[in-house]
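In: Only the shape, not the letters, is given here:
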């Protein structure tokens, strides 16, 4: 067997929103730079967000490419240009976008049958991906855009529901079962965490399905590093008993200023203006834990 046939092949399927696609692009690039054959799966109107960097990578001899799958806008009742969550401007569109995401399962499975990848890395919001991976006997890694701290807090809230006995939205309550003492208020939680009824039952169901998909996946990859949150990394591994790998910060794979600035859609301000603004500020140290006030992992 030659070296080419032994090359590991991984498919990446990012959720169709800026905040998910940018770190997935970085992650795919990171894997490809380590000698993995990488295929990024996306829809036609989102392909341009990846194409420039992928083309530069291929010119450097990196084995990375894009495969397109049709986004079922018409079938889901969406305007034909609505292939990205950025285009959503109403509750009805949000519901229909979720329907369209669910309809991607069949074309994605067809792609799995064609490509025979060794592994797939799929965003947590593609809740059907674990079933698809199991159907073809392929390990599925779930990608979380958040870190271990919010994941651990979320699952603690879900299990213990400490907010149930709190009557005020601003009264602090302790979050049990964590490696250190943390307090929150009801005002800091989303409707999903409070498990209250919302107008959008489909999105509530999507969150529940995303949780189950994570549990049934082979493991998760997290855009974080151990030294940032060691206690919570250990807690997720050893106490919650789930497989996870630190791969972040994935943005560090961008050594060229153009790779950093040209990810995603064109920004309203230039990278030079951002750097000038940052350079104008006095240095100041922030405790990373003090910044983790709002727990919205989904």
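Out: Okay, I see it. Not measured: the values here are computed from a predicted model. Numbers count the residues shown, from 1 in each chain.
In: which parts of stretch 176-184 are buried?
Out: Of all the residues in stretch 176-184, those buried under the rule 16 or more other Cβ atoms under 10 Å are 177, 178, 179, 182, 184. C-beta coordinates here come from the backbone N, C-alpha and C atoms, glycine included.
In: excluding its backbone neighbours, what's nearest residue 10?
Out: residue 119 (4.9 Å; Cβ to Cβ, 6 or more residues apart in numbering).
In: Local confidence estimate at that neighbour?
Out: At residue 119, the model reports a pLDDT of 96.
In: Residue 241 too?
Out: At residue 241, the model reports a pLDDT of 88.
In: By mean pLDDT, point me to the weakest helix or strand of this structure.
Out: helix 257-261 (a mean of 60; mean pLDDT, DSSP states H and E).
In: following that one, which helix or strand comes up?
Out: Heading C-terminal from helix 257-261, the first helix or strand you meet, by DSSP states H and E, is helix 271-279.
In: where do the helices sit along this protein?
Out: 18-33, 48-59, 73-76, 91-102, 105-115, 129-136, 148-160, 191-194, 201-216, 230-234, 257-261, 271-279 (DSSP state H).
In: mind checking which of those is nearest residue 84?
Out: Among the helices of the chain, helix 18-33 comes nearest to residue 84, with 7.6 Å by Cβ to Cβ.
In: Between helix 48-59 and the closest one, find me the angle.
Out: 10 degrees (axes from the mean of the first three to the mean of the last three Cα atoms, to 10 degrees).
In: Centre of the chain to helix 18-33, how far?
Out: Chain-centre distance of helix 18-33: 10 Å, with Cα atoms, centre = their mean, to the nearest Å.
In: so what does it touch, helix or strand wise?
Out: When contacts are defined as 3 or more Cβ pairs under 8 Å, 6 or more residues apart in numbering; DSSP states H and E, helix 18-33 sits against strand 9-13, strand 37-42, helix 48-59, strand 64-68, strand 119-123, strand 140-144.
In: Excluding residues flanking it in the chain, which one is nearest residue 24?
Out: Residue 24's closest residue in space is residue 14 (Cβ to Cβ, 6+ apart), at 3.5 Å.
In: does that neighbour really touch residue 47, like I thought?
Out: No: Residue 14 is beyond contact range of residue 47, at 11.6 Å (criterion: Cβ atoms under 8 Å).
In: out of these two, which sits in the busier spot?
Out: Between residue 14 and residue 47, residue 14 has the larger neighbour count (other Cβ atoms under 10 Å), namely 26 against 15.
In: Run through the residues that contact residue 68.
Out: By Cβ atoms under 8 Å, 6 or more residues apart in numbering, the contact list for residue 68 reads 41, 42, 43, 44, 47.
In: any chance of the residues you listed in CSV, plus distance to residue 127 and pLDDT?
Out: CSV is the format used below for these (distance: Cβ to Cβ, whole Å; pLDDT from 0 to 100):
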residue, distance to residue 127, pLDDT
41, 16, 96
42, 18, 94
43, 18, 94
44, 23, 92
47, 23, 90
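In: Residue 70 versus the nearest residue to residue 156 once chain neighbours are set aside, what's the distance?
Out: Closest residue in space to residue 156, ignoring its immediate chain neighbours: residue 177 at 4.9 Å, by Cβ to Cβ, 6+ apart. To residue 70, residue 177 is 44 Å away according to Cβ to Cβ, to the nearest Å.
In: ditto for residue 172
Out: 49 Å.
In: Likewise for residue 82?
Out: 13 Å.
In: Looking at these two now, which is surrounded by more residues?
Out: More neighbours surround residue 82 than the other of residue 82 and residue 70, with 21 against 12 (other Cβ under 10 Å).
In: who's in contact with the residue lying closest to residue 141 once chain neighbours are set aside?
Out: The shortest distance from residue 141 to any non-neighbouring residue, by Cβ to Cβ, 6+ apart, is to residue 121 (4.7 Å). The neighbours of residue 121, taking Cβ under 8 Å, 6+ apart as the test, are 10, 11, 12, 13, 24, 27, 28, 140, 141, 143, 221.
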